[in-house]
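1. Sequence isn't available, so here's the structure alone:
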């Protein structure tokens, strides 16, 4: 029996006898090295002949020994003494190398349920975007429509009117020596002097602003109600200032309120304020009262779209979250485009306020499909809110057809997420964003760019009222 034949025979039997080792272990028996060592041990120059089986038994299995015993070698000189074949006894170290029992013991055991992610279980089962998120996002986007109407309604409630053609000073109570200036803003008192040749000359003694005007326009604007012409025309911009100031205050109030109240609750409060105060603003009998309630209505608008953004940012993820944030302001533009069509149904500014206010009532009917912010509830809510989150996510996952992703320990995973959210550090404040080697430059550049954009956009949009009622519709849509 040659060493080459024995080497091939041992390799073939070792591959057939892999039943003695675990099929999934990663511990492999190095047959090449051990076979070469066995081949070297069988050479006559270094080791005794094959009859001394104690060396070969260290590298053979049960079938190896049996196959060798059944093999009849070619005729060769018989050894002096041939012991009977025996089954080699494998020690523990060699058996572990062959069977892989140590590696098998280290393998993870199979579980009855698939393992769940220890991180954000809501994002894992709900997904970044689905049918449920699409429905919720579209409902939340609708709050931008009345917000844009309240901001841009001044284009249609207070269109600029021209003297002589659309209004003039009431001259019914003027005396013979009084007249009205060409711009219809002042009443002038003249002194009549008769010259020697019978001609009369006049000298202006005084002038005073005209207080009574006659309007000749088929649309009754609040300019006509409060006589905001001539010197009082600046109060039109004053009313718009109070609206923009209300938006600023409402954004701050909405953000601070969401520290204690859920975003959906803030959303509802803003909608109710907008409906009530919008009606009161439209029927204000005094300019001061109109400015106050317009500011309060703007606070309601800002609370709505601030809390709505917090909700849809929480229920979406990945690139879809970036997409919905960008598309959010497109509904603002859509509202501005729809405003000319709404104003065409009314010929009174008070009625127009009702027309842009009552569509918000539809949002109250859609509250049954308006979701809550799940992570806000987990972080700031009580035990009952955990149940609300679980029920809401199960319904959402069912709509998205992802129920197979809900693990058996779903409630426990929500509890873990709750603990994680509560242990997180608070987000950075606005002041902390300015800290850093180049943070001041970036923040300053961002604020300047945003301010320039808003001033240009709002300035061009709101000054469309200077076109009057003739070209407002195409310019507003453009």
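-> Perfect, I can see it now. These figures come from a predicted structure and were not determined experimentally.
2. Next, the contact list for residue 327, please.
-> Residue 327 makes contact with residue 141 under the criterion C-beta atoms under 8 Å, 6 or more residues apart in numbering. To be clear about C-beta, it is placed using only N, CA and C from the backbone, and glycine gets the same treatment.
3. Make 17 the first number, not 1, from now on.
-> In the new numbering, first residue 17, that becomes residue 343.
4. Would you mind giving the secondary structure of it?
-> Put simply, residue 343 is helix when judged by DSSP: H, G, I helix; E, B strand; the rest coil.
5. what's the spacing between it and residue 350?
-> Using C-beta to C-beta, to the nearest Å, residue 343 is found at 10 Å from residue 350.
6. ok, now residue 156?
-> 14 Å.
7. Comparing the two, which residue is more hemmed in?
-> residue 156 (28 against 15; other C-beta atoms under 10 Å).
8. In a strand, residue 224, correct?
-> Yes - counting by three-state DSSP, residue 224 is located in a strand.
9. tell me which residues in the longest helix seen in the chain are buried?
-> The longest helix of the chain (DSSP state H) is helix 303-331. By neighbour count with 16 or more other C-beta atoms under 10 Å, helix 303-331 contains the buried residues 303, 306-331.
10. rewinding a little: list the residues that contact both of residue 343 and residue 350?
-> By C-beta under 8 Å, 6+ apart, no residue touches both residue 343 and residue 350.
11. Ramachandran angles for the residue nearest to residue 307 when sequence neighbours are not counted?
-> Computed as C-beta to C-beta, 6 or more residues apart in numbering, the closest residue to residue 307 that is not its neighbour in sequence is residue 258, at 4.5 Å. Main-chain torsions, residue 258, degrees, to the nearest 10: phi -70, psi -30.
12. tell me the contacts of residue 258?
-> Contact partners of residue 258, counting by C-beta under 8 Å, 6+ apart, are 307-308, 310-311, 314.
13. what would these look like in TSV with pLDDT?
-> Formatted as TSV, those follow (pLDDT from 0 to 100):
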residue	pLDDT
307	94
308	95
310	94
311	95
314	95
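14. where does the stretch 167-316 of the chain dip in pLDDT?
-> Scanning the stretch 167-316 of the chain for pLDDT under 70 picks out 207-218, 220.
15. Spell out, range by range, the helices that occur in it.
-> Here the stretch 167-316 of the chain has its helices, by DSSP state H, counting those that start in this stretch, at 170-173, 238-242, 250-273, 279-298, 303-331.
16. so can I have JSON lines of those showing distance to residue 431?
-> As requested, these are exported to JSON lines (distance: least, C-beta to C-beta, whole Å):
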{"stretch": "helix 170-173", "distance to residue 431": "51"}
{"stretch": "helix 238-242", "distance to residue 431": "56"}
{"stretch": "helix 250-273", "distance to residue 431": "27"}
{"stretch": "helix 279-298", "distance to residue 431": "22"}
{"stretch": "helix 303-331", "distance to residue 431": "19"}
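17. For residue 193, find the nearest of these.
-> Closest of those to residue 193 is helix 238-242, at 29.3 Å (criterion: C-beta to C-beta).
18. Give the buried residues for the closest one.
-> By 16+ other C-beta under 10 Å, the buried positions in helix 238-242 come out as 238-242.
19. Tell me the one among those residues nearest to residue 434.
-> residue 238 (51.3 Å).
20. And for residue 332, the neighbour number?
-> Using other C-beta under 10 Å, residue 332 is surrounded by 24 other residues.
21. Show me the domain layout of the chain.
-> Domain assignment for the chain, taken from automatic domain parsing, gives 19-122, 144-177+256-386, 183-231.
22. Residue 251 is in contact with residue 244, correct?
-> Yes - Residue 244 is within contact range of residue 251, at 5.2 Å (criterion: C-beta atoms under 8 Å).
23. can you pull the contacts of residue 266?
-> Here residue 266 is in contact with 286, 314-319, 322 (C-beta under 8 Å, 6+ apart).
24. Roughly how far does residue 178 sit from residue 185?
-> Going from residue 178 to residue 185 by C-beta to C-beta gives 14 Å.
25. more neighbours, these two?
-> residue 185 (24 against 11).
26. Who are the contact partners of that one?
-> Counting by C-beta under 8 Å, 6+ apart, residue 185 makes contact with 196, 200-201, 203, 226, 228-230.
27. Select only the buried ones of the residues you listed in PyMOL?
-> Buried residues among the contacts of residue 185 (16+ other C-beta under 10 Å), as a PyMOL selection:
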select buried, resi 196+200+201+203+226+229
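28. Going by distance to residue 451, which of the contacts of residue 185 wins?
-> Once C-beta to C-beta is applied, the member of the contacts of residue 185 that ends up nearest residue 451 is residue 201, at 54.4 Å.
29. residue contacts, residue 451?
-> No contacts exist for residue 451 under C-beta under 8 Å, 6+ apart.
30. any idea how far it lies from residue 444?
-> Separation of residue 451 from residue 444 (C-beta to C-beta) stands at 9 Å.
31. Could you do residue 364 as well?
-> Going from residue 364 to residue 444 by C-beta to C-beta gives 49 Å.
32. next one: residue 192
-> Distance, residue 192 to residue 444, using C-beta to C-beta: 74 Å.
33. And residue 460, by the same measure?
-> Counting by C-beta to C-beta, the gap from residue 460 to residue 444 is 17 Å.
34. same check, this time on residue 415
-> Noted for residue 415: a distance of 35 Å to residue 444, by C-beta to C-beta.
35. higher neighbour count, those two?
-> Shown here are residue 415 and residue 444; by other C-beta under 10 Å, residue 415 has more neighbours (16 against 9).
36. and the one helix or strand residue 460 maps to, what other elements does it pack with?
-> For residue 460, the element it lies in under DSSP states H and E is helix 455-478. With contacts defined as 3 or more C-beta pairs under 8 Å, 6 or more residues apart in numbering; DSSP states H and E, helix 455-478 has these neighbours: helix 170-173.
37. Spatially, which two of the contacts of residue 266 are the most separated?
-> Going by C-beta to C-beta, the pair spanning these furthest: 314 and 322, at 12.1 Å.
38. How about residue 335, nearest residue that isn't a chain neighbour?
-> The nearest residue in space to residue 335 (C-beta to C-beta, 6+ apart) is residue 144, at 7.5 Å.
39. go on, residue 222?
-> Distances taken as C-beta to C-beta, 6+ apart put residue 205 closest to residue 222, at 4.8 Å, once the chain neighbours are dropped.
40. correct me, but that neighbour touches residue 197?
-> No - at 12.0 Å, residue 205 does not count as touching residue 197 under the criterion of C-beta under 8 Å.
41. List the residues that are in contact with both of the two.
-> Shared contacts of residue 205 and residue 197, counting by C-beta under 8 Å, 6+ apart, come down to residue 223.
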